[in-house]
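In: Sequence first, then the predicted structure:
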Amino acid sequence: MNWAGIEHLLGKVPDGDVARRLGASVYAVRRMRRVLGVRRFRMTERVRRLLGRHPDGVVARMTGASRMTVWRTRRDEGIPPCPRYRRQDYIRVRRARNVAEQKERVHGPDHGVL
């Protein structure tokens, strides 16, 4: 296995995510982390504050963890999921941003400005 470029992730993201990126078993990643003396991944307080306020997928992208890790942590902490309307608002804002960017690419940045 080629650990180059992956060692910096040990302890910063869950072992399962490192294993997936490396194409190795979770056991091999855990063993390497222990050999190097790196403590296991734990979500920081800053990341925990995001749980329940943003959809799990968004928190996962922000932290580099998998969606399942975020979901499991949120569930274990007893934090309810982000309300559905917030997720819909997030999608609506993202779609509006995409439409605006698409119009800007087609018509130029000053289109519609008097």
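Out: Everything's here; your move. Numbering: from 1, shown residues only.

In: Check which helix or strand residue 47 maps to.
Out: helix 45-48 (DSSP states H and E).

In: And that helix, what does it pack against?
Out: helix 56-63 (3 or more CB pairs under 8 Å, 6 or more residues apart in numbering; DSSP states H and E). Using the backbone N, CA and C atoms, a C-beta is placed for each residue, glycine as well.

In: Give me the residues contacting the helix it packs on.
Out: The contact list for helix 56-63 (CB atoms under 8 Å, 6 or more residues apart in numbering) reads 13, 43, 47, 50-51, 54, 65-67, 69-71, 74, 81-82, 90.

In: which strands and helices sit next to the next helix or strand after that helix?
Out: Under the assignment DSSP H and E, the closest C-terminal helix or strand after helix 56-63 is helix 67-76. On a contact count with 3+ CB pairs under 8 Å, 6+ apart, helix 67-76 meets helix 56-63.

In: buried residues in the helix it packs on?
Out: 56, 58, 59, 60, 63 (16 or more other CB atoms under 10 Å).

In: One more: stretch 29-46?
Out: 29, 30, 32, 33, 41, 43.

In: wouldn't the fourth one be in contact with residue 14 here?
Out: Same thing as residue 33. No: Residue 33 sits out of contact with residue 14 when judged by CB atoms under 8 Å, with a separation of 10.6 Å.

In: In the protein, what residue spans correspond to helices?
Out: According to DSSP state H, the chain carries its helices in the segments 15-22, 26-36, 45-48, 56-63, 67-76, 84-107.

In: contacts for the second one?
Out: Right, helix 26-36. So helix 26-36 is contacted by 1, 3, 7, 10, 11, 15, 16, 18, 19, 22, 40 (CB under 8 Å, 6+ apart).

In: same thing but at 6 Å, please
Out: Helix 26-36 is contacted from outside by 10, 15, 16, 18, 19, using CB atoms under 6 Å, 6 or more residues apart in numbering.

In: Who wins on neighbours among the residues you listed?
Out: residue 18 (24 neighbours; other CB atoms under 10 Å).

In: That residue: what's it in contact with?
Out: Contacts of residue 18 by CB under 6 Å, 6+ apart are 9, 29.

In: mind redoing it with 10 Å?
Out: Going by CB atoms under 10 Å, 6 or more residues apart in numbering, residue 18 touches 3, 6-7, 9-12, 24, 26, 28-30, 32-33, 41.
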